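S.K.: here you go, sequence then predicted model.
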Amino acid sequence: MKLLESREDIEFLVNSFYKKVAKDKTIGFFFTDVAKVNWDHHLPKMYSFWESLLFGQASYKGNPMAMHFPVNEKVAIEKPHFAHWIKLWTETVEENFEGETAEAAIYKASNIANLMAYKMEIARKLK
Ligand code: HEM
């Protein structure tokens, strides 16, 4: 098993994850039908996002929360969806990598997912 230690590793991880997500019965439709994601655009953003979070590279410039509110307005992204996102992410990390950075990828994703789930819920209540 390999350490998660380079930009190439992140690209591999993110590509593997979104391959699963795109065909996933529980959350795939948010990407393919609700947001109709342009993968050529989305994937490089996700490489930069993870590079910034895990290696402190300031390559991601964006607001990770903001992109989710318009999706959440069309179809509610609820706690079980986030729990499933985390399950797929954890599986994908653990299938391919080990070590401190791999653990941080799981830990940080879980924290963000929980915060995001909370913010999406509040946004729906305030509507
Ligand atoms: C079920 C849960 C989730 C759904 C359905 C979802 C869906 C989406 C969608 C549709 C986009 C927009 C893609 C585009 O049109 O370019 C997006 C962007 C993004 N998502 Fe998620 N997401 C989820 C959870 C998460 C989590 C947990 C994280 C972080 C750990 C995350 C991080 C991001 C980032 C960084 C972007 C790019 C924002 C930008 O364009 O700067 N998402 N997500």
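M.R.: That came through fine.

S.K.: tell me which parts of the chain are close to the ligand?
M.R.: 27, 30-31, 35, 37, 41-42, 45, 49, 62, 64, 67-68, 71, 77, 81-82, 85, 109, 112-113, 116 (C-beta under 6 Å from any ligand atom). For the C-beta atoms, the positions are set from N, CA and C on the backbone; glycine is no exception.

S.K.: at 5 Å instead, please
M.R.: Within the chain, the positions adjacent to the ligand are 27, 30, 35, 37, 42, 45, 49, 62, 64, 67, 71, 77, 81, 85, 109, 112-113 by C-beta under 5 Å from any ligand atom.

S.K.: now those residues: which count as buried?
M.R.: Buried subset of these (neighbour count, 16 or more other C-beta atoms under 10 Å): 27, 30, 35, 37, 45, 49, 71, 77, 81, 85, 109, 112-113.

S.K.: which SSE is whichever residue of the chain sits closest to the ligand in?
M.R.: In the chain, the residue that lies nearest the ligand is Gly62 (2.8 Å; C-beta to the nearest ligand atom). Per DSSP states H and E: Gly62 is located in neither a helix nor a strand.

S.K.: packing partners of whichever strand or helix holds Ile86?
M.R.: Taking DSSP H and E as the criterion, Ile86 maps to helix 79-96. For helix 79-96, the packing partners by 3 or more C-beta pairs under 8 Å, 6 or more residues apart in numbering; DSSP states H and E come out as helix 7-22, helix 100-125.
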